[in-house]
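Enquirer: could you look at this predicted model? Sequence included:
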Amino acid sequence: MLNKISFILILSIALFSCKEEDSFPDISLEKFESGAEELTQEDGYYINVPLDRALSFSFSGPLDLRSISSGITFTNENGQNVGFTTSLISNNRNLVIFPAGVLSAFSRYKIEFSNLKGANGENVLNSTINFRTLQNRVSFIKFTSEDALVTNFGRIINVPLDFSVEMELSHKILTDQVLSDKITLVGPTATQLDFEIVENKIKINSNIRLKDFSKYELRIAQGIESVAGTLEALTPTNVFTKPIAEGSKFPQIPIDQLLTKVQEQTFRYFWDFGHPASGMARERNTSGNLVTVGGSGFGVMAILVGIERGFINRTEGVERLKKIVDFLEAADRFHGAWPHWFDGNTGRVLPFSQFDNGGDLVETAFMIQGLLTVRQYLDASHPIEKSIIDQITKLWEEVEWSWYTRGGQDVLYWHWSPQHEWAMNLPIRGYNESLLVYVLAAASPTHPITKTVYDNGWARNGSMRNGGTFYTHLLPLGESFGGPLFYSHYSFLGLDPRNLSDQYANYWTQGRNHTLINRAYCVQNPQGFAGISNFSWGLTASDNHLGYSAHSPTNDLGVITPTAALSSMPYTPEESIQALEFFYYKIGDKLWGEYGFYDAYNQTEDWVADSYLAIDQGPIIIMIENHRTALLWDLFMQDEQVKAGLDKLNFNY
């Protein structure tokens, strides 16, 4: 799979890694778009720009959010300023401008970009866009709805099941015409529309209730007659209904029971679907014999939850842990580090990509996190459990963390391959999900790194700091808006962030505010995606309708991933429980399956995943448990060697 830990983030991490050393070329404006039709130019103007759509500008490189507010001028043909708001998407390469209200028909506008900066301090070339709006004799002006939101992206979202909308044209509409063959609503259920014409407005109502949480198309054919002539056919307007407002898909149960139900159903992914020969977690529910190291690290922690919650008994859990540890001991390792993927039968490495067929230090760290937690949990007075403890200690001590400094550099490297050596060339620099790698490398009793490697490599001598405020929340570290939410999950399945701090950040503040920023962005929903609200939120890496991507406020495709909100439960318990109840009670008929919640959904694209991913399922179980009992935090933080590593790096905890 295009995993969040290796491919999607290579670009962002590489940009961080060379920010101080390299110079970057100037960034230029590459494309202007608005609406569904491709724009053409005439006499220096883009023509036929829609009156009620967002304006989208693609740049050759990522922009610095902080330069946007003062770097854009938007004026009409009289030189008057036009009000607008903005959003950065697609890894900050796409700037979207939302005009305040509807633009005037057949009018000229100018947008000037000046003094913008790139995300890495690059110069952005000044540019000017001149455009002219649509000039039809009869213009479609807008839709309005009292109960729904009409966006600038050709969507009407949050539509009640009793559909009602008002269509406004630029001229008075003739009343003696039949509209049923010109205006239709097409979707998963049959509809029948009623119309009322008042001056230049058409009130449209469906006398049949629509299907909840579904997509329809409102189609306007050519032929609506007005006093100024005939309206041309319009691009269909997408209509998205709400989930059912009343009632639930499943019977209501107390929240503690619901939390347990979610943990138990999700646990089945690691238990029932665990690989029969190795006990390891399959990468996803279609992976066959391909098993994943990082996801299995989450899986061994989930087994502890399963024992404590009574999903399995201790003997069953210990037997599975023994099978996994035996497999890991015999499997391929590269200077002590495991690869990203194995064949679950043979233990031989399966290449993740062309040059990635060796050690993966980040995946290894996620496995070691799980194994050290298991080591704390097991009883050394029990012979079988003692044997597992001894095996874990041996595996832990054989990881050559310091060797991955690539000859003594002040930074750890992600990959090494016997055939390709350091061809992946990816230093592990913050801030992302990999803090744990440096803590474990510092904690190693056999192959440790120094604090200098942490400061110069991970922290980039403080350059990983952010310090900006987004939606009123201070973000201590990382990229604008914080990036995908798994940054605040993976390292903190074992590391307890509640009292964790160092010279760079308070990690509870980082995790909580990162989550609140991500949720606030979803609530604002600047791109007008359907199915996103204060209950339906959470952007992180996951499957999507196009494949796989690391979703975030700066890479927003309208995809909501349940693990994002659910694995944030320790940081935002009230908001995450609201999301949980929405996922289960309101859209559970679509989203709830054999192994818990499916990976993701996108109502705008009328898409729900049928997939489960180990690295998304594991944090749900673990972080809900940390919210409830702090089980995994307490176990991992009891490890004396982990404490020594934190002390070496001058952490407070």
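Expert: Arrived safely, thanks for sending.
Enquirer: going forward, measure contacts between C-alpha atoms and count neighbours the same way
Expert: Noted.
Enquirer: can you pull out the low-pLDDT segments for the protein?
Expert: The model of the chain has pLDDT under 70 over residues 1-23, 136-137.
Enquirer: what's the closest non-adjacent residue to the spatially most central residue of the chain?
Expert: With distances taken as Cα atoms, centre = their mean, T540 lies nearest the centre of the chain, 1.8 Å away. With sequence-adjacent residues excluded and distances taken as Cα to Cα, 6 or more residues apart in numbering, T540 is closest to P484, at 4.2 Å.
Enquirer: for the one you found, grab phi and psi.
Expert: The phi/psi pair for P484 (degrees, to the nearest 10) reads phi -60, psi 150.
Enquirer: if we can go back for a sec, show me the contacts for the residue nearest to the centre of the chain.
Expert: T540 makes contact with G483, P484, L485, F486, A550, H551, S552, I560, T561, A564, according to Cα atoms under 8 Å, 6 or more residues apart in numbering.
Enquirer: quick one: contacts for D543?
Expert: D543 touches S549, D599, A600, A609, S611, counting by Cα under 8 Å, 6+ apart.
Enquirer: need the contact list for the fourth one.
Expert: Going back to what we said before, that points to A609. Each residue near A609 by Cα under 8 Å, 6+ apart is listed here: D543, N544, H545, Y598, D599, A600, Y601.
Enquirer: can you report how many residues neighbour the spatially closest residue to N466 that is not a sequence neighbour?
Expert: The shortest distance from N466 to any non-neighbouring residue, by Cα to Cα, 6+ apart, is to L477 (4.6 Å). Neighbours of L477 under the rule other Cα atoms under 10 Å: 27.
Enquirer: measure L477 to D272 for me?
Expert: 39 Å (Cα to Cα, to the nearest Å).
Enquirer: quick revisit: in TSV: the contacts of A609, plus distance to P254 and secondary structure.
Expert: Shown next, in TSV, are the contacts of A609 (distance: Cα to Cα, whole Å; DSSP: H, G, I helix; E, B strand; the rest coil):
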residue	distance to P254	secondary structure
D543	31	strand
N544	32	strand
H545	34	coil
Y598	22	coil
D599	24	coil
A600	25	coil
Y601	26	strand
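Enquirer: just send these back as a markdown table, with distance to A380 too.
Expert: Output for these, formatted as a markdown table (distance: Cα to Cα, whole Å):
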| residue | distance to A380 |
| --- | --- |
| D543 | 41 |
| N544 | 45 |
| H545 | 48 |
| Y598 | 38 |
| D599 | 38 |
| A600 | 41 |
| Y601 | 45 |
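Enquirer: now list the buried members of these.
Expert: D543, N544, H545, Y598, D599, A600, Y601 (16 or more other Cα atoms under 10 Å).
Enquirer: so what pairs up with the last one in the strands?
Expert: Put plainly, it is Y601. Beta-bridge partners recorded for Y601 (DSSP bridges): I560, V608.
Enquirer: and what of the second one?
Expert: Following DSSP bridges, N544 is listed with bridge partners G547.
Enquirer: not counting its neighbours along the chain, what's nearest G336?
Expert: The nearest residue in space to G336 (Cα to Cα, 6+ apart) is V399, at 3.9 Å.
Enquirer: my guess is the one you found meets I449, correct?
Expert: No: the criterion here is Cα atoms under 8 Å, and V399 misses it with I449 at 12.0 Å.
Enquirer: now, which of the contacts of A609 sits nearest L372?
Expert: D599 (27.8 Å; Cα to Cα).
Enquirer: which ones are touching that closest one?
Expert: Counting by Cα under 8 Å, 6+ apart, D599 has contacts S542, D543, T561, P562, T563, A609, D610, S611, Y612, L613, D616.
Enquirer: wait, the last one touches T563, no?
Expert: When you say that, I think you mean D616. Yes: here D616 reaches T563: they are 5.8 Å apart, a contact under Cα under 8 Å.
Enquirer: list just the nearest of the contacts of D543 to D332.
Expert: S611 (27.9 Å).
Enquirer: so where do the strands sit in the stretch 101-250 of the chain?
Expert: Listed in chain order, the strands of the stretch 101-250 of the chain (DSSP state E, counting those that start in this stretch) span 108-113, 127-133, 140-144, 149-150, 155-159, 164-169, 183-186, 193-198, 201-206, 215-220, 225-226, 229-230, 237-241.
Enquirer: one more: the stretch 251-400 of the chain?
Expert: With DSSP E, counting those that start in this stretch, the ranges of strands along the stretch 251-400 of the chain come out as 290-292, 341-343, 349-350, 359-360.
Enquirer: now those strands as CSV including mean neighbour count and distance to G467?
Expert: Converted to CSV, the strands of the stretch 251-400 of the chain look like this (neighbours: other Cα atoms under 10 Å; distance: least, Cα to Cα, whole Å):
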stretch, mean neighbour count, distance to G467
strand 290-292, 25, 35
strand 341-343, 24, 37
strand 349-350, 20, 41
strand 359-360, 26, 31
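Enquirer: return the set of buried residues in stretch 317-330.
Expert: For stretch 317-330, the neighbour count (16+ other Cα under 10 Å) marks G317, V318, R320, L321, K322, K323, I324, V325, D326, F327, L328 as buried.
Enquirer: K182 against I224, yeah?
Expert: Yes: contact criterion Cα under 8 Å: K182 and I224 qualify, at 7.0 Å.
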